[in-house]
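>>> need a structure here:
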Amino acid sequence: MPPVVYAVARGWDGWRVFLQDADAMVYPYPRIVEVLTHLREKLPEVERVGAYATPRDLLRRSVGELKTLRDQGLGIIYLGVETGDPGLLERIGKRVNYDQMAEAGRRAEEAGITLSVTVILGLGGAEGSERHARETARLLSDIDPEYAGALTLTLVPGTPLYEEAENGAFHPISPFQSLLELKVLVEQASFTNCFFSSMHASNYYSVRGTLPWDRDKMLAELEQVLARRDPAMLRPEHLRGL
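Down below sits the predicted model:
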């Protein structure tokens with residue numbers, strides 16, 4: 001093992017395990033059960049195992065299968081929702097429609113697995129900003145996860161969207177437009193009990209709180225920043241990152 005593995009291990013809290021930094025749920029079902037069983041046997045003190053999953057992976061599993069994974073220790077799934085706009089879901093290649101995305105999220109929750117979802121501000125560009133924010137708020141309401149996080153679109157050289165922006169086919173939103181989208185999500189998404197955050201480094205401004213209880217406080221904070229329109233209140237570009 002390289003030395004960095006031992007350096008990371010020394011900082012491990014001892015009760016959480018993450019199944020690699022990729023889509024672990026694409027792994028064959030019997031092998032996932034085997035891995036979780038092995039973890040329970042070798043590390044009985046571990047309280048929760050987490051994994052990334054695509055909506056298609058969740059739809060390939062029955063609620064019963066997901067419950068088995070939960071019983072073997074899988075406690076939380078991180079799901080990239082990105083948008084609720086049906087046209088955008090197709091455009092970005094999620095390979096599921098709105099209803100399938102909502103069903104994937106509900107299936108994990110029905111199995112008793114905690115769900116954390118992420119969405120991407122600015123994904124619809126300037127022209128599709130309002131629809132993207134509105135439809136994403138609707139999808140978040142339909143899924144009703146325990147955790148939700150907003151990231152902001154970052155154009156990466158070599159990707160199709162970057163090329164579209166370069167040739168003028170895609171018009172990115174401004175930093176303050178991203179805050180308007182964030183405001184729509186906080187305002188319109190209906191949650192039972194969700195910790196909502198925009199703390200990711202890609203965002204221009206960070207808010208967090210438990211919805212619906214902290215909605216008024218979070219909206220007041222966003223409205224204050226939007227009213228002042230002072231760039232100094234935003235995270236500068238050189239500090240933004242993936």
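>>> drop to CA atoms for contacts and neighbour counts, all remaining ones
Noted.
>>> Does Val119 belong to a helix, a strand or coil?
Secondary structure assignment for Val119 (DSSP: H, G, I helix; E, B strand; the rest coil): strand.
>>> what about it, how many neighbours?
24 (other C-alpha atoms under 10 Å).
>>> for Val35, same thing?
By other C-alpha under 10 Å, the residues close to Val35 number 14.
>>> so what pLDDT did it get?
At Val35, the model reports a pLDDT of 95.
>>> same thing with the one 10 residues further on?
Per-residue pLDDT puts Glu45 at 90.
>>> Number of residues surrounding it?
Applying other C-alpha under 10 Å, we find 12 residues neighbouring Glu45.
>>> so what pLDDT did the nearest residue to it once chain neighbours are set aside get?
With C-alpha to C-alpha, 6 or more residues apart in numbering as the criterion, Glu45 has its nearest non-adjacent residue at 6.1 Å, and that residue is Trp15. Note for Trp15: predicted pLDDT of 84.
>>> residues contacting Trp15?
Neighbour list for Trp15: 45-48 [criterion: C-alpha atoms under 8 Å, 6 or more residues apart in numbering].
>>> ChimeraX command for the buried members of those residues?
Buried members of these, defined by 16 or more other C-alpha atoms under 10 Å, are picked up in ChimeraX with:
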select :46
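>>> Any chance of CSV for the contacts of Trp15, columns secondary structure and distance to Leu153?
As requested, the contacts of Trp15 are exported to CSV (DSSP: H, G, I helix; E, B strand; the rest coil; distance: C-alpha to C-alpha, whole Å):
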residue, secondary structure, distance to Leu153
Glu45, coil, 38
Val46, coil, 35
Glu47, coil, 33
Arg48, strand, 30
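>>> Looking at the contacts of Trp15, which is nearest Glu146?
Proximity of the contacts of Trp15 to Glu146 (C-alpha to C-alpha) peaks at Arg48, which lies at 15.4 Å.
>>> Residue ranges in this protein under the pLDDT threshold?
The chain contains residues with pLDDT under 70 at 242.
>>> what ranges do the helices span in it?
3-10, 29-42, 55-59, 63-71, 86-91, 98-110, 129-143, 160-166, 175-188, 215-228 (DSSP state H).
>>> who's in contact with the last one?
With contacts defined as C-alpha under 8 Å, 6+ apart, helix 215-228 is touched by 176, 179-180, 183, 186-187, 207-209, 233.
>>> In it, which residues are buried?
Here helix 215-228 shows 215, 218-219, 222, 225-226 as buried, counting by 16+ other C-alpha under 10 Å.
>>> can you check the third one too?
Taking 16+ other C-alpha under 10 Å as the neighbour-count basis, helix 55-59 is seen to contain the buried residues 55-56, 58-59.
>>> and that helix, what does it pack onto?
Applying 3 or more C-alpha pairs under 8 Å, 6 or more residues apart in numbering; DSSP states H and E, we find helix 55-59 packed against helix 98-110.
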